[in-house]
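J.: no sequence on this one, just coordinates:
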């Protein structure tokens, strides 16, 4: 349960605001086919999303959730994946229900909003524009904007610093373990959506401060809290 109104709300992108797995899975399977490997399908790829593009490619090439090193075809595979995904990143991707009303309601209150994703910047900005989300965020932070990606706290800490907000008064909204770990290490409050790319084990294990059934519930939850509450 949230005990104070956040002064900054940071959103994850993939699995939180948009269901991008269909397009990501298409690019992964095309990559595998061009390398002479078996495609894995959307259901499997959903379990691999959330730790950045490089880890996704490693997982697809090895079939291992936590590969210890880059496989021999890593560089070629990354190049193929990026080329295919660039051309198809918004063909099957959709906004989650409640995402747009949530952002619109929060924007009306002039509450600072940020997008913090592990997706590379070249894809982040293209997808934000394709989904009609441009203009909602004070900061858009991508996976290659910092030395570290989520679950490292750096992207959240740097985003809060850039906006001029105390991390302890900030809220991370996400769907994955990477989001949860980054939030906790950064001192952010944590809200989780029950869908997305959490490996099929649910988000209750992250012990969020707020569990949302839909993003449309978020404005009512945070805006009802008094400003400056402890």
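T.: All right, it came through fine. Note that the coordinates shown come from a computational prediction; the quantities given were computed from them, not determined experimentally.

J.: In the protein, mark out all the strands, start to finish.
T.: 8-11, 18-19, 94-95, 113-116, 139-141, 170-174, 189-192, 210-211 (DSSP state E).

J.: Which neighbouring elements make contact with the fourth one?
T.: On a contact count with 3 or more Cβ pairs under 8 Å, 6 or more residues apart in numbering; DSSP states H and E, strand 113-116 meets strand 8-11, helix 99-108, strand 139-141, helix 154-163. No exception for glycine: its C-beta is placed from N, CA and C like everyone else's.

J.: That strand - which strands sit beside it in the sheet, and in what orientation?
T.: Sheet partners assigned to strand 113-116 using DSSP bridges are listed as strand 8-11 (parallel), strand 139-141 (parallel).

J.: Any idea which of those gets closest to residue 109?
T.: If you check each of the strands paired with strand 113-116 against residue 109 by Cβ to Cβ, strand 8-11 wins as the nearest, at 10.3 Å.

J.: what's around residue 134, how many residues?
T.: When neighbours are counted by other Cβ atoms under 10 Å, residue 134 registers 11.

J.: Next one: the residue nearest to it when sequence neighbours are not counted relative to residue 194, how far apart?
T.: Take residue 134 and drop its neighbours on the chain: the residue closest to it by Cβ to Cβ, 6 or more residues apart in numbering is residue 128, 5.6 Å away. Distance of residue 128 to residue 194, computed by Cβ to Cβ, to the nearest Å: 23 Å.

J.: Name the residue in the two with the higher neighbour count.
T.: For residue 128 and residue 194, the more surrounded residue by other Cβ under 10 Å is residue 128, and the numbers stand at 22 against 13.

J.: what's that one in contact with, if anything?
T.: Going by Cβ atoms under 8 Å, 6 or more residues apart in numbering, residue 128 touches 13, 115, 134, 137, 140.

J.: how far away is it from residue 7?
T.: Applying Cβ to Cβ to residue 128 and residue 7 gives a distance of 23 Å.
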